[in-house]
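Novice: no sequence on this one, just coordinates:
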């Protein structure tokens, strides 16, 4: 027995030494931006990077004939560059160490562009029906069969610290993948492919309703006191934020990525029967004065689901009449109930500007007290029942003078938090929202740096040719800050990529009926001034906007005009007109002012009977609608009541629709010659 035990012990010792002598298995990982079907930037040296065991060797071999080796650093990171060939493919790339091998198939060498911004860049080829649609969407989707165009969409992600990876995969461009891809980016890439006939890689990373500071690396926000303070707080309250996220993770979750179908939002239920019931006791709920976006209340930057309730007494004489309920605008979806019965709903995204008007039949409304319950669902940006007080009311259909106002105090209760496409549902019968771990300020997609951290940093240093950008609507409240903020954002990207001043082409925001307090022309001016920043270009959209919709349908021309900049500046199309006229200088000639333009070598032209949107002023700073005349590459501007003119403005309002173009058919940018603040 003793010999057997001794023998077993010797075997165990030998096995232990044997295991100790074996090389430890190495886990080799790369970010998900490296995947099958990807496009690598042609004719250059592209970075590959990832994680591994310190000191181990990594080999990268490409089927076009190049291979490189590198060693994993002490911190487990590795990075190296491999030369790329001329445009072509498909190729295979192998990344391996002694124990692992990762093979990327169907890789193309071509041109890679990053496409980013807010909702007008995010808006997919299929649009956001019923209100926000893409021109000829169905036809465009059916024809979107370009397998040499490759599409990568970065999953939305908020991060308080820079992330090294993102979710997404490279897809071949075909109708089933293009329909949900950025329309602007697709039309840009399609134009490049049609002209260059080489593979095109489009990386789409955008988030609707977001400001430029959310996309800017924190170091570059230090000159902006209000933004820099928020960034400092992000680090200061990191532990509190982690506690909140840990608390949320314990709640019931509804992942919208796992729900398919056109009615995915309509099939949700947040205790509708319970909270809409007239018998429900809402005495413990707090109150909110409506209409208002809840960002303007103590709720702050909240995204999710909130129930609103209030009651009213039906006046005598309303019996047997059809009653109309108006709730102004709701951002952005709602289900509305009266006495526990649903009387209307808007359950598709993109309806945040739509006024809610629902009819109530006589069998639902009753004598005495009636109860209205509205479930509001907001997935980003502003939220709530907002708009004008006069548009919140209830009245008989044919007797609008008998109106009961619904503006004023409503009971409310948040029932679910929405983050990263997931609803975190608060426990039923509790006030979880009011007892959840607190942080001193709201953190969402508007917060400075969080989208750079979560959706741009993971892409760095993947080699790109350049960037196209469509954003600005969410910064119209701070246009003078944008003069410096937008160039700071561009610089932060270029500095972090370490590729030098790569091309950065952007879209000037389109005409839209903002509030009377919003001077979006100042934001357009800030974008115009950014053209002075090295290697930038701007697309003007005054002729293809929609003053009644912040999401114009014509994304074809937006993408095409962005591509014109790239073709002319980066691909040798030297004779191609790529921009409309840009204000250069002015010259006073007696009682007139002559305006000189750049980028109109072919000359100026007017679409219509006469030039519009020019204004002229004297020293009194009173602007008059001007008379104008095209003379060669200049415009002569005057008004009979302005004898000594000093300044001219063009397209200077929220909804400019001027008709001055160059002879290539590209519109002139709005501008002003003065610097007087309105």
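Specialist: Received the coordinates, thanks. Here the structure is a predicted model, which means the values were calculated and not measured.
Novice: right, and residue 319 touches residue 367 too?
Specialist: Yes: at 7.4 Å, residue 319 counts as touching residue 367 under the criterion of CB atoms under 8 Å. Just so you know, the C-beta spots here come from the backbone N, C-alpha and C atoms, and that holds for glycine as well.
Novice: residue ranges of the helices in the chain, please?
Specialist: 2-21, 119-122, 137-142, 175-178, 183-196, 225-236, 238-249, 272-276, 432-435, 450-451, 479-497, 520-529, 556-570 (DSSP state H).
Novice: Kindly reformat those helices as CSV and extend each row with distance to residue 59.
Specialist: Listed next are the helices of the chain as CSV, based on distance: least, CB to CB, whole Å:
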stretch, distance to residue 59
helix 2-21, 24
helix 119-122, 38
helix 137-142, 42
helix 175-178, 32
helix 183-196, 32
helix 225-236, 39
helix 238-249, 38
helix 272-276, 58
helix 432-435, 52
helix 450-451, 35
helix 479-497, 25
helix 520-529, 46
helix 556-570, 33
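Novice: Throw the ones you listed into a markdown table and include mean neighbour count, thanks.
Specialist: Output for the helices of the chain, formatted as a markdown table (neighbours: other CB atoms under 10 Å):
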| stretch | mean neighbour count |
| --- | --- |
| helix 2-21 | 9 |
| helix 119-122 | 24 |
| helix 137-142 | 16 |
| helix 175-178 | 18 |
| helix 183-196 | 24 |
| helix 225-236 | 16 |
| helix 238-249 | 14 |
| helix 272-276 | 17 |
| helix 432-435 | 15 |
| helix 450-451 | 28 |
| helix 479-497 | 20 |
| helix 520-529 | 23 |
| helix 556-570 | 22 |
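Novice: For the ones you listed, which has the smallest mean pLDDT value?
Specialist: Comparing mean pLDDT over the helices of the chain, the weakest stretch is helix 2-21, at a mean of 45.
Novice: Off-centre distance for stretch 230-244?
Specialist: 24 Å (CA atoms, centre = their mean, to the nearest Å).
Novice: what comes into contact with it?
Specialist: Applying CB atoms under 8 Å, 6 or more residues apart in numbering, the external contacts of stretch 230-244 come out as 160-161, 218, 221, 436-441, 443, 447-450.
Novice: Only the buried members of those: can you turn that into a ChimeraX selection?
Specialist: Per 16 or more other CB atoms under 10 Å, the buried members of those correspond to this ChimeraX selection:
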select :160,218,221,436,439,443,447,448,449,450
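Novice: Which members of the contacts of stretch 230-244 are the farthest-apart pair?
Specialist: Within the contacts of stretch 230-244, 221 and 436 form the most distant pair, 27.9 Å apart (CB to CB).
Novice: Poorly predicted segments of this protein, please.
Specialist: For the chain, the stretches with pLDDT under 70 are 1-26, 400, 429-430, 440-442, 677-678.
Novice: Quick check: the gap between residue 620 and residue 627.
Specialist: 19 Å (CB to CB, to the nearest Å).
Novice: So the two - more neighbours on which side?
Specialist: residue 627 (15 against 9; other CB atoms under 10 Å).
Novice: Who is the more buried one paired with across the strands?
Specialist: Here residue 627 sits in beta bridges with residue 638, as judged by DSSP bridges.
Novice: what's near enough to touch it?
Specialist: 637-639.
Novice: which one among those residues gets closest to residue 652?
Specialist: residue 637 (12.8 Å).
Novice: so how many other residues sit close to that closest one?
Specialist: Residue 637: 25 neighbours (other CB under 10 Å).
Novice: now do residue 511
Specialist: Residue 511, neighbours per other CB under 10 Å, totals 26.
Novice: hang on, isn't it packed against residue 544?
Specialist: No: taking contacts as CB under 8 Å, residue 511 lies outside contact range of residue 544: 9.4 Å.
Novice: Between the two, which contacts overlap?
Specialist: Common neighbours of residue 511 and residue 544 (CB under 8 Å, 6+ apart) do not exist.
Novice: what's the longest strand seen in the chain packed up against?
Specialist: Counting residues, the longest strand found in the chain (DSSP state E) is strand 101-117. Helices and strands touching strand 101-117, by 3 or more CB pairs under 8 Å, 6 or more residues apart in numbering; DSSP states H and E, are strand 39-41, strand 88-96, strand 146-153, helix 183-196, strand 200-206, strand 466-470.
Novice: Pipe these into a markdown table and attach distance to residue 648 per row.
Specialist: Shown next, in a markdown table, are the helices and strands packed on strand 101-117 (distance: least, CB to CB, whole Å):
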| stretch | distance to residue 648 |
| --- | --- |
| strand 39-41 | 44 |
| strand 88-96 | 52 |
| strand 146-153 | 43 |
| helix 183-196 | 32 |
| strand 200-206 | 36 |
| strand 466-470 | 28 |
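Novice: Please identify which of those is closest to residue 431.
Specialist: strand 200-206 (35.4 Å).
Novice: Between strand 146-153 and that closest one, find me the angle.
Specialist: 30 degrees (axes from the mean of the first three to the mean of the last three CA atoms, to 10 degrees).
Novice: got the angle between strand 200-206 and strand 466-470?
Specialist: 40 degrees.
Novice: Centre of the chain to strand 200-206, how far?
Specialist: That offset, for strand 200-206, works out to 13 Å (CA atoms, centre = their mean).
Novice: what's the answer for stretch 556-576, then?
Specialist: On CA atoms, centre = their mean, the centre of stretch 556-576 falls 23 Å from that of its chain.
Novice: before we move on, what about stretch 527-545?
Specialist: 18 Å.
Novice: Could you pull out the buried residues of it?
Specialist: So for stretch 527-545, counting by 16+ other CB under 10 Å, buried means 527-528, 530, 536-545.
Novice: so can I have JSON lines of the contacts of residue 627 showing distance to residue 483?
Specialist: Formatted as JSON lines, the contacts of residue 627 follow (distance: CB to CB, whole Å):
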{"residue": "637", "distance to residue 483": "25"}
{"residue": "638", "distance to residue 483": "30"}
{"residue": "639", "distance to residue 483": "30"}
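Novice: wait, which of these is closest to residue 167?
Specialist: Using CB to CB, the contacts of residue 627 come closest to residue 167 at residue 637, 53.1 Å.
Novice: Touching, that closest one and residue 591? I think so.
Specialist: No: at 10.5 Å, residue 637 and residue 591 do not qualify as touching, with contact defined as CB under 8 Å.
Novice: who touches both of these two?
Specialist: What both residue 637 and residue 591 touch, as defined by CB under 8 Å, 6+ apart, is the set residue 645.
Novice: OK, contacts around residue 335?
Specialist: Contacts of residue 335 (CB under 8 Å, 6+ apart): 272, 342, 345, 347, 374-375, 377.
Novice: again, only this time at 6 Å
Specialist: Residues counted as contacts of residue 335 (CB atoms under 6 Å, 6 or more residues apart in numbering) are 345, 375.
Novice: beta partners for it?
Specialist: Where residue 335 sits in a bridge, its partners, by DSSP bridges, are residue 345, residue 375.
Novice: Quick check: it vs residue 55, distance?
Specialist: 59 Å.
Novice: same question, residue 71
Specialist: For residue 71 relative to residue 55 (CB to CB), the value is 7 Å.
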